[in-house]
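Participant: Provide a 3D model corresponding to the input given below.
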Amino acid sequence: MKTVMSVKIDKDVKTSAQEVAKSAGLTLSSLVNAYLRQLSATRHIEFFAPEPMTPKLEKLIGKVEAERKAGEISQEFTNADDFLTALKK
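Facilitator: Purely as a prediction, here's the structure:
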């Protein structure tokens, strides 16, 4: 049996969530249903809310990106052992 649930949310949040759902081939309703099923099954509430970047962090990231483009950084590592070996040199 289906029932209707009314929830007040910000218009921008709804629009953004609909876009995400659509990109995955889902409706917002099916996405909400899936989350509520997961919540009922696990009895675990989990939220993720990314922190906005501070001007200081944006400046630091810009500096690192510039160093990377200029080739001023070390090689990329795929495992910790290689990183530690290079670090000890």
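Participant: would you map out the domains in this protein?
Facilitator: 1-49, 55-88 (automatic domain parsing).
Participant: same list, those domains, but as JSON lines with mean pLDDT and mean neighbour count please.
Facilitator: Heads up, the C-betas are built off the backbone N, CA and C, glycines and all. Below are these laid out as JSON lines (pLDDT from 0 to 100; neighbours: other Cβ atoms under 10 Å):
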{"stretch": "domain 1-49", "mean pLDDT": "94", "mean neighbour count": "9"}
{"stretch": "domain 55-88", "mean pLDDT": "89", "mean neighbour count": "10"}
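Participant: may I have the secondary structure class of the residue most central in space within the chain?
Facilitator: Residue closest to the average C-alpha location in the chain (Cα atoms, centre = their mean): P50, at 7.2 Å. Secondary structure, DSSP: H, G, I helix; E, B strand; the rest coil: P50 is coil.
Participant: now it: how far from R37?
Facilitator: 25 Å (Cβ to Cβ, to the nearest Å).
Participant: same question for E67.
Facilitator: Note on E67: its distance to R37, by Cβ to Cβ, is 46 Å.
Participant: then A70?
Facilitator: From A70 to R37 the distance is 50 Å (Cβ to Cβ).
Participant: and if you look at K69?
Facilitator: Relative to R37, and taking Cβ to Cβ, K69 is found at 46 Å.
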